[in-house]
Every structure is written in structure tokens, then in C-alpha cells.
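Student: Sequence and predicted model, in that order:
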Amino acid sequence: MSQNPYLNYLATLTRAAERMQLDESEIVRLRYPERQVQVSLPIRMDDGSLRVFEGYRVQHNSLRGPYKGGIRFHQNADINEVKALAAWMTMKCAVANIPYGGGKGGVTVDPSTLSQTELERLTRAYANAVYDVVGPFTDIPAPDVNTNGGIMAWFCDEYSKRNGHLTPEVVTGKPVPFGGSLGREEATGRGVVIAAKETLKSFGEELAGKRVAVQGNGNVGSVATMLFEKEGCKIVAVSDVSGALFCAQGIPGEKMRQYALSRTLLKNYPLSEGMTFIPGAEGNAALLTVDTDILVPAALENQITAENVAKVQAKYIVEGANGPTTAEADVALEERGIMLIPDILANSGGVIVSYFEWVQNLGRYMWSEEEVNAKLAVQMGNAVASVCANAKKYNSSLRMGAYITALERLTVAQKLRG
């Protein structure tokens, strides 16, 4: 990876602490993960060969509750990426005002190269390897990049075998028949749209009528694309790993969601009049600089950088992914007056509904999807209000407002705990 994302986290943490005039002793614990676990996972492949995969679990901070964070399977996953993701989870849970700390897990693997049986063996091996450091009141994993409800079910089953009884509350993001929450799969993308709508409203703007470009047509991006369309927005660009689709007249959001669910790549989308497709990395790069009102980077970290930030034309950026903007680019966007709704606010819908799922599991009870979505809207609305209030109070960017909100809550917890 070209840039260490943990350094981005540390740079932003320092800037926020300086704005608040905090003493170093008040934030020093947040500079270091409380625990880092690295494991080797020997897996018997379908052809009989043995391969060893590297896995990680980082537990960043537990001041406000048990660690919470996803598990990603990606060929570029490494300890610095997982550290950064865990730290952002600490801040995200504090901004969302839910009783969790931050954690994250990862395995260095391209899951598209594995069969289903190999993927299951890898998941179960990882669950066994981290068994001693996770648990319903210690560290609760969830899906992330290239993982899903099925993988969470395997993880939960393996943990439950070791635990001696079914323990659905050890992970969230499970399939609904296996203790998952209604509304969880769509929660992150739904939260992105709620955050955009409520933030714009706070600054006297309307979401309806805005042009939107979404980088990433996975679960987060495709749900956001569909819901932005339902809010009266025009989708002008969408991308996935195969490239980017552009159409100034509008791309149907519902079809983008159907493509994501069917795991069909956008390169196979039948082009109509006015549509163009740019393949691969070139298309994803072009999407970031397309003429649009709202840009939603919903793929991976380090997408908007010092190299391309000057070409960004969007008036608003809503971070659907974790860490898609580097620290240098963040400062440049602020100087240009481009409003950025940061990841620790914009994509917190997933962890909020994960919290709801955990609560339902602990009580062995299930809420309706309408109840889940209503609770999500309230929680996201409160988070947006807190962040916007602090941004206005400190005359700062929304990212600074979010970090200030998180630091207020984390420093209070630290003082109370002693």
C-alpha cells in the first residue's frame, strides 16, 4: 500500500486535539492499539496442497465498551491497514454514541481465488485462531470488505462449538435466519444517504435534485445508489473493480443494486444512448474527478490523494468507505471549501444496526425492519446534529467536528474510569 493509513488517523487525531486544546495525556492512549494479534492460518486446499494465510485482529480501544469491528478478506490487508480501521472504529462508535470501542480484523487473501469449501476452512481457521481474544462482551466482529453474512455464520458456528453452546451475539451481520437483524445488510448504505440528507439540511441545502457519483458498487455503494435515486437524486457515475459507468442523463440506481446482488460486473452492463464505460483502474480514477454535486467514495482507503485532489469537481464528498481520503487531501479539500462528510459519521449506519443486532441477540428477541430503520434514522440524525454543532462551534471541517465529538466522549469516559 502506497500510504500507511494509520498515519492518516494519527494526523487527524492530532489536529482535532489541538483544536480542542487537549493535553497529550488525554489522547495518548488513543495513539496506540491496546492489543495486536497476528496469526498464521494453514489451510488444506481442494487440490490437497497446504497454504498458509496471514490473519490479524487489532483491538484499538475499549474505554466505552467492548471492541467492535469487521473482518476483511483482501489481498492487500496488512497490519497497518487493520490498525487504522480499528482506530477509526473507536472514533466511529463514539460519534454514533453506542457503547463500543474499536477493533478490526483481516486476512491477507484474494477470496475470489478460493472455492466455497476453501473459504469456509479459512474462516473457521481464523475463528479458532482468534477465539481467545473475541467474545460477546470482549470483541464482536462483523462483515467488511469481501466478507458477508454467510462468512459470519461460519465464524459464529465455529466459535459456538468452542464455547459449548450457540452464541449468536459473538458476531453481527449474520443472516437473518441465524440471528441477524432485519435491515442490517442495507444499513451502511442507508446511513450514507441519511448522513448526506441530514447534513445538507443542517446547512440549508436539499438532497433532492443533486447529481451523485458512487465509487464502488458493492453492498454499501449499491444500496446508497438505489436510495439516493429514491431521494430524487440523479446518478451520473458508478464504478466497481471492472471499471466505471458514466451517464449525464442518469443511471438507474435500482439496476445497480440488482447487479451488486447478482455479483455481475459493470463491464457487462448493456450501454444505452449517452452511456460510456471506462475499464479498470482508469475508470475508477475518472469517477473521482467527474463533474457531479456529490461524490461517494465507497470502495477502499486512500482514493482521494494529494495527486488527484485538485481535479475533484464535486461540491460535497460523502465517505462511504473507511479512510478514502488521505490527510493531505483532506486539508486541500477544506481549503477549497468542499464539504466532506467523514467516514466515521457517514458510514456508521452499519455499526449502529450491528449494535441493534447485538442487543436483540442478547435479549433473544427480534425487531421489525421498520423499527430498525426508524431507530437508525434517529441515531444517525443525533450523530449528524452533534458533528455539525461542533463543526460550527470550532469553525472547522465536518471531519474535525466528528473527531471533536468522538474525543469529547472518549476523554469523558477516560476521566470517569480513572
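Tutor: Received, thanks.
Student: Next, Arg263: phi, psi?
Tutor: Torsion angles at Arg263 (phi, psi; degrees, to the nearest 10) stand at phi 60, psi 30.
Student: ok, Ser49 to Asn128 distance?
Tutor: 21 Å (Cβ to Cβ, to the nearest Å). Quick note: C-beta positions are derived from backbone N, CA and C, even for glycine.
Student: can you check Tyr259 too?
Tutor: 35 Å.
Student: what does Glu307 give?
Tutor: For Glu307, the distance to Asn128 equals 42 Å [Cβ to Cβ].
Student: any weak-confidence spans in the chain?
Tutor: For the chain, residues meeting the criterion pLDDT under 70 lie at 1-2.
Student: where exactly do the strands run in it?
Tutor: Using DSSP state E, the strands found in the chain span residues 35-44, 50-61, 67-74, 101-108, 139-143, 211-215, 234-240, 243-246, 276-279, 294-297, 316-318, 339-341.
Student: Quick check: can you list the domain ranges of this protein?
Tutor: Domain assignment for the chain, taken from automatic domain parsing, gives 36-166, 186-346.
Student: For Leu340, give me its contacts.
Tutor: 316-319, 325, 330, 333-334, 397-399 (Cβ atoms under 8 Å, 6 or more residues apart in numbering).
Student: of those, closest to Asp23?
Tutor: The shortest approach to Asp23 among the contacts of Leu340 belongs to Arg399, at 21.9 Å (Cβ to Cβ).
Student: OK, contacts around that closest one?
Tutor: When contacts are counted by Cβ under 8 Å, 6+ apart, Arg399 touches 12, 330, 340, 342.
Student: The first one contacts Tyr403, doesn't it?
Tutor: Yes. When contacts are counted by Cβ atoms under 8 Å, Thr12 is listed as touching Tyr403 (6.0 Å).
Student: Who has more neighbours out of those two?
Tutor: Tyr403 (29 against 25; other Cβ atoms under 10 Å).
Student: sorry, back to before: more neighbours, Glu307 and Asn128?
Tutor: Neighbours per residue (other Cβ under 10 Å) separate Glu307 from Asn128, with Asn128 holding more: 16 against 12.
Student: What sits closest to the more buried one if chain neighbours are left out?
Tutor: Spatial nearest neighbour of Asn128, chain neighbours left out: Glu158 (6.2 Å); criterion: Cβ to Cβ, 6 or more residues apart in numbering.
Student: Burial check on that neighbour, number of neighbours?
Tutor: By the criterion of other Cβ under 10 Å, Glu158 has 19 neighbours.
Student: That one reaches Val130, doesn't it?
Tutor: No. Counting by Cβ under 8 Å, Glu158 stays clear of Val130, with 10.3 Å between them.
Student: Ala406 contacts Trp88, doesn't it?
Tutor: No. Using Cβ under 8 Å, Ala406 makes no contact with Trp88, being 9.9 Å away.
Student: joint contacts of these two?
Tutor: Applying Cβ under 8 Å, 6+ apart, one finds that Ala406 and Trp88 are jointly contacted by Ile344.
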